[in-house]
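>>> Below is the sequence, then the predicted model.
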Amino acid sequence: MEIYTIKILDIDSEQLGNLSLLIDSKRRHRIEKFIRKKDKIRALVGEILIRSIIIQKFTVNNEDITFNENFYGKPYLKNFPNVFFNLSHSGDYVVCAFDTYPVGIDIERVKDIEYMDLAENFFTKKEYDYIMKGDFNQQLNRFYDIWTLKESYIKCSGKGLSVPLKSFSIEINEFKDISIFTDGGYMKHNLRILEIDPGYRMAICTLNKVTHPNITMVNQKKLIKRYYEIYTK
């Protein structure tokens with residue numbers, strides 16, 4: 001399993017428009033619907049990152065990369081049934097996970113929010129108790145840990161928002177081991193909390209048994225330069 005992270009930099013409007021022309025029209029139209037420029041940049045850089053990784057890892061020409069979506073809207077790479085990927089972005093980061101098993105990744109910038117009400121309304125009682133029993137200064141991070149873990153599991157399942165947040169429970173023991181339970185019992189998913197920036201929380205869920213995924217920091221300027229070179233070959 002490989003994880004790639006990018007810290008987002010600003011892109012001037014002209015270059016943003018030029019880069020948008022180098023991806024397929026369906027995804028370009030989705031990006032154009034974003035109102036805020038930073039949302040456009042995150043989405044576009046994420047698209048370029050995914051394409052660049054596919055080209056590098058699987059020796060596929062850029063024009064031959066085709067994405068389909070499952071019934072719930074999760075994208076997958078056509079003609080590569082054993083390749084799974086997932087993308088997430090928040091604040092200044094875009095992150096992407098690639099695996100040979102179903103995978104989900106989520107990153108969230110930590111904000112000072114009313115986490116107690118959110119946890120009580122949307123999390124299970126065990127999850128709520130885990131958050132509230134921690135030291136007050138740790139509670140917000142615990143909330144985001146549960147949030148990102150739940151999101152990563154939902155994304156790994158490929159069923160998106162059709163999975164109710166209270167239909168399963170994340171449990172973290174005193175040794176930081178993470179388990180997931182549904183009404184059907186224990187689920188054999190591998191969940192991890194990953195640290196890349198103290199102002200963010202990130203989690204990954206996979207059916208892979210790997211315990212220490214490789215994390216690669218990608219330079220945005222180098223990524224874009226390389227993508228231009230690939231596209232103009």
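Now that the structure is in, tell me what you want to look at.
>>> Could you chop the chain up by domain?
2-100+214-231, 106-206 (automatic domain parsing).
>>> Okay, buried residues for stretch 161-176 please.
Residues of stretch 161-176 classed as buried: 163, 165, 168, 169, 170, 171, 172 (neighbour count, 16 or more other Cβ atoms under 10 Å). Quick note: C-beta positions are derived from backbone N, CA and C, even for glycine.
>>> end-to-end on that stretch?
27 Å (Cα to Cα, to the nearest Å).
>>> And that stretch, how far out from the chain middle?
Here stretch 161-176 is found 17 Å from its chain centre; the criterion is Cα atoms, centre = their mean, to the nearest Å.
>>> Check stretch 225-233 too.
On Cα atoms, centre = their mean, the centre of stretch 225-233 falls 25 Å from the chain's centre.
>>> Now residue 155: closest residue in space, sequence neighbours ignored.
Spatial nearest neighbour of residue 155, chain neighbours left out: residue 104 (3.0 Å); criterion: Cβ to Cβ, 6 or more residues apart in numbering.
>>> so where does that neighbour fall, helix or strand?
Using DSSP states H and E, residue 104 falls within strand 103-109.
>>> Show residues contacting that strand.
1, 3, 84-93, 95-97, 144, 147-149, 151-157, 196, 199-208 (Cβ atoms under 8 Å, 6 or more residues apart in numbering).
>>> If we use 7 Å, what do you get?
1, 3, 84, 86, 88-91, 93, 95, 97, 144, 147-148, 151-156, 199-206 (Cβ atoms under 7 Å, 6 or more residues apart in numbering).
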